[in-house]
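Participant: here is my input; please provide its structure:
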Amino acid sequence: MVRRMKLLLLLDASDALHIDASERTINEITVMMDKKWEVHLTSSRTVRYKKLTCDYTVHKVPLISSLRSILSRILYLSCLVHSGVEIVRRYNAHLVMTKGGHLHLGLVAYLISRLTRRKCIVRVDADAVLEVISFIRMFHKSMLGKKMFLRTAETVLRKIESLLFKRVDWIVTHGPTDYEKIRKLTKKVTFVPLWVDTEKFKPVSKDKVKQLKKELLETEEDVKAILFVGRLHPEKNIETLFYAYKKVVETYRNIILAVVGTGPEGKKCRKLVERLGLTEKVKFLGYIPHEQMPKYYNVADIYVLTSIWEEWSNTIMEAMASGVPVIATNVGGNPYLVKDKETGFLVPSNVPYVLAEKIRYVLDHSNEMEKIIANAYLSMRKFSKQDIGELYKKTIVEVIKDKAPSSSFLVQRKS
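Facilitator: Residues are numbered from 1 along each chain as shown. Below you'll find the predicted structure:
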């Protein structure tokens, strides 16, 4: 009889407030874990996940007060160490792993693993140091003027991060540039990209597209639609898209820009659109549940991502799988997904006129786009949930068995 593999997966306190997003991220790791796996999840509240495919148990960790304080976060992490040790010993978990937040949760996972003599994997999904600095800025605005304090804090945190990377048993990251940086510190790292559900995100018939345009955009069937999906946040640099779109509208009147997402820049974006005279040409659709997103990709004639930094974009993958031409900035992990003029188009960031020219090009060359779309669709097959999910399973099992997993998924940047 095959031994059941038991995994303790540490979640952040805030994950309980964003169940849908948290569930998607957990699924990135556990999607192919069958009944031979037993996953234990930590949470600051009693929650239930409806779409996880693995057998799981949620363990509530005490949260002393509101999440809107550093002290509360520190107390939660302290309780998490104690709870984690108890969970590992009670259920005989083989490995401790983080879903994300590698700096704070990674330190907790490392402590739990050493106290229980278990293996530890830290998952890197963002720049945790910058996230901590942003957290300090958000809740302690009086420190905004103390640049020396913030610089010192960042230096210290980078040192801690470096020590953590060298000491944990293994690191997994879905960011190709993160992988390259970590690889310089330690060889104990695997690049496992995100996966895309090609059964969910896929092209539909032209008649269906016309129907969806009328239903979702409340517009005429023959209107061309540009789509943006993402947080309205400075990193997404959506202002560049608005300025480029202004130039496109000068020559293409029968066109609309649909913006899916919310964020701190929402009011600023609406004011800019109004100032540019684009109010009737831009639809702010707000938050759309992920399960409804395939319909929104299918109404798009072009998908545009204008980020000044992007480690590995779910939205690019979903657009490509849905048969939508992609224009993305030539930054971060985008060139690993988008091969310029083969599976999409890359443009420099913060140059609206170049983006405008590329949008016009896509609109004017529909025959050429058919080949681009086909290439992009085929390129997404290697990022199937089956293949990536199995890679996660294999990596975890090999770490438990004290074997060195393969260092990297085979994906290369197009020069």
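
Participant: tell me which residues of stretch 331-349 come out buried.
Facilitator: 331-339, 343-347, 349 (16 or more other C-beta atoms under 10 Å). For the C-beta atoms, the positions are set from N, CA and C on the backbone; glycine is no exception.

Participant: residues in contact with the spatially closest residue to residue 197 that is not a sequence neighbour?
Facilitator: Excluding the flanking residues, the one nearest residue 197 by C-beta to C-beta, 6 or more residues apart in numbering is residue 385, at 5.7 Å. By C-beta atoms under 8 Å, 6 or more residues apart in numbering, the contact list for residue 385 reads 31, 32, 195, 196, 197.

Participant: ok, so of the buried residues of stretch 331-349, who is nearest residue 25?
Facilitator: Using C-beta to C-beta, residue 333 is the member of the buried residues of stretch 331-349 that sits closest to residue 25, with 16.8 Å.

Participant: and the strands in the protein, which stretches?
Facilitator: Assigned by DSSP state E, the strands in the chain fall at 5-10, 37-43, 55-60, 95-98, 119-124, 170-173, 189-191, 224-229, 255-260, 282-286, 302-305, 326-329, 345-347.

Participant: now residue 275: how far from residue 232?
Facilitator: 16 Å (C-beta to C-beta, to the nearest Å).

Participant: of these two, which one has the most company?
Facilitator: Taking other C-beta atoms under 10 Å, residue 275 and residue 232 do not tie; residue 232 has more neighbours (20 against 10).

Participant: which pLDDT value does the model give the nearest residue to that one once chain neighbours are set aside?
Facilitator: Spatially, and ignoring its direct neighbours in sequence, residue 232 is nearest to residue 263 (3.5 Å; C-beta to C-beta, 6+ apart). Looking at residue 263, its pLDDT is 91.

Participant: contact partners for the closest residue to residue 246 other than its chain neighbours?
Facilitator: Once flanking residues are discounted, residue 246 sits nearest to residue 276: 4.9 Å by C-beta to C-beta, 6+ apart. Residue 276 is in contact with 242, 243, 246, counting by C-beta under 8 Å, 6+ apart.

Participant: tally of neighbours for residue 396?
Facilitator: 24.

Participant: then the one 5 residues further on?
Facilitator: Using other C-beta under 10 Å, the number of residues around residue 401 comes to 10.

Participant: what does the one 4 residues further on give?
Facilitator: Counted with other C-beta under 10 Å, the burial measure for residue 405 works out to 20 neighbours.

Participant: one step back: now the residue nearest to residue 246, what are its backbone angles?
Facilitator: Residue 276 adopts backbone torsions of phi -80, psi 0, taken as degrees, to the nearest 10.
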